[in-house]
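A.B. asks: Got a sequence here, can you build the structure:
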Amino acid sequence: MAQKFSFEIKEELLVLSQNAKGWQKELNLVSWNGNPPKFDLRDWSPEHEKMGKGITLSNEEMKKLTDFLKESEFM
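C.D. replies: Coordinates of the predicted model:
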């Protein structure tokens, strides 16, 4: 039995890419099940009615990630 959940995109921050079918890899602030919004990175269909697998990050996790990227040799 599939679990029901709710989401609300509070703020669309960045589109990283788009495929031929119009799906976009996006970084957004999303509230899941009425909880405080988190940074969310995943693929979305054009009207945000369907989504792919993704990850969510708290403010602290996003700060650690951005600090790492700023200090790393990857950039």
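
A.B. asks: Helices of the protein, residue ranges please.
C.D. replies: Using DSSP state H, the helices of the chain run over 59-71.

A.B. asks: any weak-confidence spans in it?
C.D. replies: By pLDDT under 70, the weakly predicted segments of the chain are 1, 75.

A.B. asks: Repeat the analysis, applying 90 as the threshold.
C.D. replies: Across the chain, the ranges flagged by pLDDT under 90 are 1-5, 73-75.

A.B. asks: what ranges do the strands span in the chain?
C.D. replies: Counting by DSSP state E, one finds strands in the chain at the ranges 7-18, 24-32, 38-44, 51-57.

A.B. asks: Take those strands and write them to JSON lines, including mean neighbour count.
C.D. replies: Heads up, the C-betas are built off the backbone N, CA and C, glycines and all. Listed next are the strands of the chain as JSON lines, based on neighbours: other Cβ atoms under 10 Å:
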{"stretch": "strand 7-18", "mean neighbour count": "12"}
{"stretch": "strand 24-32", "mean neighbour count": "18"}
{"stretch": "strand 38-44", "mean neighbour count": "19"}
{"stretch": "strand 51-57", "mean neighbour count": "13"}
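
A.B. asks: can I get these in a markdown table with distance to K70?
C.D. replies: Conversion of the strands of the chain to a markdown table gives the following (distance: least, Cβ to Cβ, whole Å):
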| stretch | distance to K70 |
| --- | --- |
| strand 7-18 | 17 |
| strand 24-32 | 16 |
| strand 38-44 | 16 |
| strand 51-57 | 16 |
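
A.B. asks: All good on my end, thank you.
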